[in-house]
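**Q** What follows is a predicted structure for the sequence shown.
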Amino acid sequence: MKKKILLLSLFVLILFVGCNNKQEEKKEVSAEFTYEIYGKEYNINFSQAPKRAVTMSQFMTEMLLALGLEDNIAGTAFMDNEIYPEFKEAYDNIPILSDKYPSKEILFSKEPDFVSGWTSAFDEKRVASADEMISMGAKPFLAKSISKDGSLEVLYQDFLDLGTIFRVEDRASKLVNDMKYEIKLVQDKIGEIKEEDKIKVLAFDSMSDNNPFIVGNGGISGDIIKKAMGKNIFEDVNKGYATVSIEQIVKRNPDVIVIVDYGDISYEEKINILKSNDGLKNLTAIKENRFIKIGLADLSPGIRNIDAIKTLAEGFYGVSFK
């Protein structure tokens with residue numbers, strides 16, 4: 001009997017040590033990624049989970065918070081809208097380095113081991129070059145979902161990559177599956193719609209010298225409109241954003257106008273700009289007063305893309321998700 005107990009104890013001990021070794025191996029597994037930043041390719045190896053991340057865009061701040069990584073964030077910067085309500089408590093405990101981009105001195109004072117944000121953050125005229133960041137021990141991460149080829153599918157992979165880098169793979173996988181499920185629920189509620197019956201959409205950002213700046217069909221912002229079953233009137237513009245002419249908008253005559261809300265010009269002021277423009281006042285959307293408000297942060301990659309799709313679906317087809 002004693003021999004059996006001894007053998008059982010030895011087996012349990014071997015199993016325990018084996019499990020611990022596997023956990024240690026998992027912690028030591030490296031995560032290597034390749035990015036192109038301003039024409040130069042970088043191979044970045046995250047040999048361990050970053051502990052002092054600095055995020056220089058709202059979308060990246062919220063992506064890390066969505067993964068429950070607030071304790072790994074040493075500082076944030078560059079907000080477009082109010083923080084996503086679900087993350088406010090965690091966000092309020094993180095140092096804000098700047099309303100826009102911080103100086104390189106402020107950035108490096110946080111001793112970051114991970115830096116991410118818009119591509120422009122890696123410009124030495126804005127903050128610092130990727131080479132300088134790497135030399136200071138700050139490893140860059142550039143989300144692929146911000147490119148003109150960005151989409152919800154690309155965003156999912158960004159979340160999974162972050163899960164690998166920060167060693168929270170299970171959280172990232174669950175988050176991605178939840179997002180896919182929510183989008184399917186939205187589309188099921190809308191139902192099948194023929195291509196010719198889809199709502200024609202103009203997504204308006206701003207106006208400069210009578211030249212509208214709009215959301216194109218490329219990038220994740222264009223994909224968000226598609227996922228809400230809308231038809232971007234500028235589906236031939238394979239960019240996230242682009243400048244177009246008044247005449248082009250009139251010719252394509254949208255059913256609804258999505259207003260991208262951010263910055264110093266309010267949502268209401270942007271509507272007035274469109275309504276007071278002699279070239280646009282006869283558009284179907286303007287005559288019927290069909291406008292939808294969407295924050296810039298909602299059209300940037302992240303967890304709030306689900307709410308954006310729901311908001312658009314409600315405005316396009318009258319479905320409700322309350």
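**A** Cool, got the structure.
**Q** quick one: average confidence on the strand or helix carrying Thr76?
**A** The secondary structure element spanning Thr76 is strand 73-77 (assigned by DSSP states H and E). Computed over strand 73-77, the mean pLDDT rounds to 97.
**Q** Kindly report the same for stretch 190-202.
**A** Taken as a whole, stretch 190-202 has an average pLDDT of 94.
**Q** And the longest strand along the chain, what does it pack against?
**A** Criterion DSSP state E: the longest strand present in the chain is strand 199-208. With contacts defined as 3 or more CB pairs under 8 Å, 6 or more residues apart in numbering; DSSP states H and E, strand 199-208 has these neighbours: strand 211-215, helix 219-227, strand 230-232, helix 246-252, strand 256-261, helix 267-275, helix 305-317. In this view, the C-beta of every residue, glycine as well, is placed from N, C-alpha and C.
**Q** Go again with 7 Å.
**A** strand 211-215, strand 230-232, strand 256-261, helix 267-275 (3 or more CB pairs under 7 Å, 6 or more residues apart in numbering; DSSP states H and E).
**Q** how about that strand: buried residues?
**A** Taking 16 or more other CB atoms under 10 Å as the neighbour-count basis, strand 199-208 is seen to contain the buried residues 199-207.
**Q** Run through who's touching the host helix or strand of Glu153.
**A** Element membership for Glu153 (DSSP H and E) is helix 152-165. Helix 152-165 is contacted from outside by 31, 33, 46, 49-50, 63, 67, 141, 143-145, 169, 171-173, 175-176, 179, 220, 223, 227, 301, 305, using CB atoms under 7 Å, 6 or more residues apart in numbering.
**Q** Quick one: residues contacting Gly150.
**A** With CB under 7 Å, 6+ apart as the criterion, the residues that contact Gly150 are 144, 219-220, 301.
**Q** Relative to Ile265, which of these is nearest.
**A** Taking CB to CB as the measure, Ile265 lies nearest Gly219 of these, at 21.9 Å.
**Q** any idea of the pLDDT on the closest residue to the closest one other than its chain neighbours?
**A** Using CB to CB, 6 or more residues apart in numbering and skipping the chain neighbours, the partner closest in space to Gly219 is Gly240 (3.1 Å). At Gly240 the predicted local distance difference test score is 89.
**Q** Give the burial count for Gly240, as a bare number.
**A** Residues lying near Gly240 (other CB atoms under 10 Å) number 21.
**Q** isn't it right up against Asn217?
**A** No. Gly240 is beyond contact range of Asn217, at 9.1 Å (criterion: CB atoms under 7 Å).
**Q** quick one on the thing from earlier: contacting residues around the longest strand of the chain?
**A** Outside strand 199-208, the residues touching it (CB under 7 Å, 6+ apart) are 212-215, 225, 230-233, 241, 249, 254-260, 265, 270, 273-274, 285, 316-317.
**Q** Mark which of these are buried, thanks.
**A** 212, 214-215, 225, 230-233, 241, 249, 254-260, 270, 273-274, 285, 316-317.
**Q** one step back: quick one, phi/psi of the residue nearest to Gly219?
**A** Backbone torsions of Gly240, given as degrees, to the nearest 10, read phi -70, psi -40.
**Q** and the next element down the chain from the lowest-mean-pLDDT helix or strand in the chain?
**A** Taking all helices and strands of the chain together, the one with the lowest average confidence (mean pLDDT, DSSP states H and E) is helix 2-28, at a mean of 44. Counting by DSSP H and E, the next helix or strand C-terminal to helix 2-28 is strand 31-37.
**Q** if we can go back for a sec, hmm, who's touching the next helix or strand after the strand holding Thr76?
**A** For strand 73-77, the succeeding helix or strand toward the C-terminus, using DSSP H and E, is helix 88-91. Contacts of helix 88-91 with the rest of the structure, by CB under 7 Å, 6+ apart, involve 65, 70, 83.
**Q** Please name the nearest non-neighbouring residue to the last one.
**A** Spelled out, that is Ile83. Spatial nearest neighbour of Ile83, chain neighbours left out: Tyr91 (4.6 Å); criterion: CB to CB, 6+ apart.
**Q** In terms of pLDDT, where does that neighbour sit?
**A** Here the pLDDT value assigned to Tyr91 is 96.
**Q** Run a quick neighbour tally on it.
**A** 20.
**Q** and the gap between Ala228 and Val201?
**A** If you measure Ala228 against Val201 using CB to CB, to the nearest Å, the figure is 9 Å.
**Q** now swap in Gly219 and tell me
**A** The spacing between Gly219 and Val201, counted by CB to CB, is 15 Å.
**Q** Cross-check the contact I'm expecting between Ser320 and Glu314.
**A** Yes. Here Ser320 reaches Glu314: they are 6.3 Å apart, a contact under CB under 7 Å.
**Q** what about those two, which has more around it?
**A** Glu314 (18 against 8).
**Q** so what are the domain limits for the chain?
**A** Taking automatic domain parsing as the criterion, the chain consists of the domains 27-142, 191-317.
**Q** mind putting the ones you listed in JSON lines, distance to Asp161 included?
**A** Below are the domains of the chain laid out as JSON lines (distance: least, CB to CB, whole Å):
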{"stretch": "domain 27-142", "distance to Asp161": "6"}
{"stretch": "domain 191-317", "distance to Asp161": "12"}
